[in-house]
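**Q** quick one: sequence plus predicted model below, questions after.
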Amino acid sequence: MLSIKAAAKRRLQAQYGLAVGEQYSVVTFVGRMTQQKGCDVIAEVAAALMAKHPHLQIIVLGPSGALCCNMCTILP
């Protein structure tokens, strides 16, 4: 099972142009990008999390929702 998970992680990293490797942790959010779903919280904390954990990769996927979508797309 672990090898299937590792292969899926590598494919996901490659698909979104992220560095590939075991040293990276990938966090994903899949859902509507609205305040109701917490997209605004992700946007607020993502830069600080990534600064504290340099091998963290955050992927946010889903239909856009006005302001939250704009906040999520500007993350480095």
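**A** Thanks, I have it.

**Q** where exactly do the strands run in this structure?
**A** Taking DSSP state E as the criterion, the chain carries its strands at 25-30, 56-61.

**Q** redo these as JSON lines? Include distance to Gln36 and mean pLDDT.
**A** Just so you know, the C-beta spots here come from the backbone N, C-alpha and C atoms, and that holds for glycine as well. Shown next, in JSON lines, are those (distance: least, Cβ to Cβ, whole Å; pLDDT from 0 to 100):
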{"stretch": "strand 25-30", "distance to Gln36": "13", "mean pLDDT": "89"}
{"stretch": "strand 56-61", "distance to Gln36": "15", "mean pLDDT": "88"}
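
**Q** in stretch 54-63, which residues are buried?
**A** For stretch 54-63, a neighbour-count test (16 or more other Cβ atoms under 10 Å) marks Gln57, Ile58, Val60, Gly62 as buried.

**Q** should've said stretch 28-47
**A** Neighbour counts using 16+ other Cβ under 10 Å place Phe29, Met33, Thr34, Lys37, Cys39, Asp40, Ile42, Ala43, Ala46 of stretch 28-47 among the buried residues.

**Q** quick one on the thing from earlier: now the buried residues of stretch 54-63 as CSV including distance to Gln13?
**A** Shown next, in CSV, are these (distance: Cβ to Cβ, whole Å):
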residue, distance to Gln13
Gln57, 7
Ile58, 12
Val60, 15
Gly62, 19
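
**Q** still on that earlier bit, farthest pair in the buried residues of stretch 28-47?
**A** The span of the buried residues of stretch 28-47, defined through Cβ to Cβ, is set by Thr34 and Ala46 at 16.5 Å.

**Q** any low-confidence regions in the chain?
**A** Residues of the chain that meet the criterion pLDDT under 70 lie in 1-2, 65-76.

**Q** and the nearest residue to Met50 once chain neighbours are set aside, bridged to which residues?
**A** For Met50, ignoring the flanking residues on the chain, the nearest one in space by Cβ to Cβ, 6 or more residues apart in numbering is Leu56 at 5.3 Å. Bridge pairing for Leu56 (DSSP bridges) gives the partners Ser25.
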